[in-house]
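Asks: Quick one, structure for this:
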Amino acid sequence: MTEQEFFSIDVRERALMINELLSKENKDQLKKVAENLQIPYGRFTK
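Replies: Below is the predicted model of the structure:
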């Protein structure tokens with residue numbers, strides 16, 4: 001999935017996806033999820 005595709009997903013669906021990915025990480029969750037999605041951390045957390 002490209003960055004553009006990710007940000008074009010419905011907000012609710014994207015939130016569910018992110019929450020699922022966050023639950024799989026133990027430390028530095030946001031940074032690791034951004035890396036897994038290949039989205040720059042700063043852009044991911046905006």
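Asks: Please work out how many residues are found near the nearest residue to residue 45 once chain neighbours are set aside.
Replies: Sequence neighbours aside, residue 30 is the residue nearest to residue 45 in space, at 6.1 Å (criterion: C-beta to C-beta, 6 or more residues apart in numbering). For glycine as for every other residue, the C-beta is placed from the backbone atoms N, C-alpha and C. Number of residues near residue 30 (other C-beta atoms under 10 Å) recorded here: 14.
Asks: And residue 30, how far from residue 36?
Replies: 11 Å (C-beta to C-beta, to the nearest Å).
Asks: again, but for residue 24
Replies: Here residue 24 is placed at a distance of 9 Å from residue 36 (C-beta to C-beta).
Asks: Please identify the longest helix in this protein, counting by residues.
Replies: Using DSSP state H to define each element, the chain has its longest helix at helix 11-23.
Asks: Now do the same contact list for residue 39.
Replies: For residue 39, the set of contacting residues under the criterion of C-beta atoms under 8 Å, 6 or more residues apart in numbering consists of 3, 6.
Asks: Assign it to helix, strand or coil.
Replies: The local conformation at residue 39, judged by DSSP: H, G, I helix; E, B strand; the rest coil, is coil.
Asks: so the residue nearest to residue 45 is in which element?
Replies: Under DSSP states H and E, the secondary-structure element containing residue 30 is helix 29-37.
Asks: Run through who's touching that helix.
Replies: 1, 3, 6, 18, 21, 22, 25, 40, 41, 43, 44, 45.
Asks: Name the residues of it that are buried.
Replies: Within helix 29-37, the residues scored as buried using 16 or more other C-beta atoms under 10 Å are 32, 33, 34, 37.
Asks: model confidence over the longest helix of the chain, on average?
Replies: Per-residue pLDDT values across helix 11-23 average out to 95.
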